[in-house]
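Asker: Please find the sequence and the predicted model below.
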Amino acid sequence: SRNGTWSQKELYANATTELFKMAGGNAAIYVGVENRTENYADLYDSLSEGGVVLGSSGNSAGGGREVNALGAELLLPVMKNLEASLAARYERYSDYGSDFSPKASLRFRATPNLTLRASYGQGFSAPTLPQLTQKPSFSADSIVDRAHCIADGVAPAICDANPKPSFQINGLVISNPSLGSEKSDQYSFGAVWDVLPNLSLEATYWNTKITDRIVNM
């Protein structure tokens, strides 16, 4: 048997107000706060946990966390055709630590029917509760390995072909309670052209780089 539960309780509040006048209009700010409690359990029976059930994989996991967050966004109408915004979010997790993610963006109306946009920001992805708490579990993983292929008596030409043969090995997935978050840096730029009142064309380029990725090894 396998019993899973997930519960989440969330409290949040936000407010918006105008700050001061600029050439393009009134600057405004948004502020939000949040408190979130998460509880998770994925419980396997004792025979599955002990590997007695042939072909079973996975194992029990469970835990809880509390998250407190603060976010803000500042809208700046610099000119009638130029708008800038600055945003940031801070989150603190009771189990692994905290993270901060800022973002800046620009929106420029070059002509009445052509708008240019650009942004830069940083982000994060917190480790999940299963990644932090799961018990060691069996995993049948597929690999592509030339030496393994030849050692199994397969002709080298076949081992080098595309797609290359894959082999199944016995693996062990172990959680890591010391995991930190994944990080990202991204920038984008693009344009929107209003060709006709009911027809517009858009082109945007995104570039995202992720570091400290969480993967099974």
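Answerer: It's in.
Asker: Show me what the residue most central in space within the chain is bridged to.
Answerer: The central residue of the chain, meaning the one whose C-alpha is nearest the mean C-alpha position (C-alpha atoms, centre = their mean), is residue 125 at 4.3 Å. Counting by DSSP bridges, residue 125 forms beta bridges with residue 182.
Asker: What separation is there between it and residue 93?
Answerer: Using C-beta to C-beta, to the nearest Å, residue 125 is found at 12 Å from residue 93. For the C-beta atoms, the positions are set from N, CA and C on the backbone; glycine is no exception.
Asker: Residue 37 too?
Answerer: Using C-beta to C-beta, one gets 11 Å for the distance from residue 37 to residue 93.
Asker: what sits in contact with each of the two?
Answerer: Both residue 37 and residue 93 are contacted by 65-67, under the criterion C-beta atoms under 8 Å, 6 or more residues apart in numbering.
Asker: Now do the same contact list for the nearest residue to residue 211 once chain neighbours are set aside.
Answerer: For residue 211, the nearest residue in space outside its immediate sequence neighbours is residue 183; the separation is 4.9 Å by C-beta to C-beta, 6 or more residues apart in numbering. Remark: with contacts taken as C-beta under 8 Å, 6+ apart, residue 183 is in contact with 122-124, 210-212.
Asker: I'd like to know which of the residues you listed are part of strands.
Answerer: Where those overlap with strands, as defined by DSSP state E, the overlap consists of 122-124, 210-211.
Asker: Next, count neighbours for residue 107.
Answerer: By other C-beta atoms under 10 Å, the residues close to residue 107 number 17.
Asker: For it, pull up the helix or strand it's in.
Answerer: Element membership of residue 107, judged by DSSP states H and E, is strand 97-111.
Asker: what helices or strands is that strand leaning on?
Answerer: Here strand 97-111 touches strand 82-93, strand 114-125, going by 3 or more C-beta pairs under 8 Å, 6 or more residues apart in numbering; DSSP states H and E.
Asker: chain center to it: distance?
Answerer: Average the C-alpha atoms of strand 97-111, do the same for its chain, and the two points are 17 Å apart (C-alpha atoms, centre = their mean, to the nearest Å).
Asker: contacting residues around it?
Answerer: Counting by C-beta under 8 Å, 6+ apart, the neighbours of strand 97-111 from elsewhere in the structure are 81-92, 115-124, 126, 180-181.
Asker: same deal with stretch 22-31?
Answerer: Residues outside stretch 22-31 that contact it (C-beta under 8 Å, 6+ apart): 14-21, 70-83.
Asker: repeat that with 6 Å
Answerer: For stretch 22-31, the surrounding residues in contact (C-beta atoms under 6 Å, 6 or more residues apart in numbering) are 15-16, 18-20, 72-80.
Asker: Present those residues as JSON lines; the columns should include secondary structure, neighbour count and distance to residue 134.
Answerer: Written out in JSON lines, the entries for the contacts of stretch 22-31 read as follows (DSSP: H, G, I helix; E, B strand; the rest coil; neighbours: other C-beta atoms under 10 Å; distance: C-beta to C-beta, whole Å):
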{"residue": "15", "secondary structure": "strand", "neighbour count": "9", "distance to residue 134": "39"}
{"residue": "16", "secondary structure": "strand", "neighbour count": "11", "distance to residue 134": "41"}
{"residue": "18", "secondary structure": "strand", "neighbour count": "11", "distance to residue 134": "48"}
{"residue": "19", "secondary structure": "strand", "neighbour count": "12", "distance to residue 134": "47"}
{"residue": "20", "secondary structure": "strand", "neighbour count": "8", "distance to residue 134": "51"}
{"residue": "72", "secondary structure": "strand", "neighbour count": "15", "distance to residue 134": "35"}
{"residue": "73", "secondary structure": "strand", "neighbour count": "17", "distance to residue 134": "36"}
{"residue": "74", "secondary structure": "strand", "neighbour count": "16", "distance to residue 134": "41"}
{"residue": "75", "secondary structure": "strand", "neighbour count": "19", "distance to residue 134": "43"}
{"residue": "76", "secondary structure": "strand", "neighbour count": "19", "distance to residue 134": "45"}
{"residue": "77", "secondary structure": "strand", "neighbour count": "19", "distance to residue 134": "49"}
{"residue": "78", "secondary structure": "strand", "neighbour count": "16", "distance to residue 134": "50"}
{"residue": "79", "secondary structure": "strand", "neighbour count": "13", "distance to residue 134": "53"}
{"residue": "80", "secondary structure": "coil", "neighbour count": "11", "distance to residue 134": "55"}
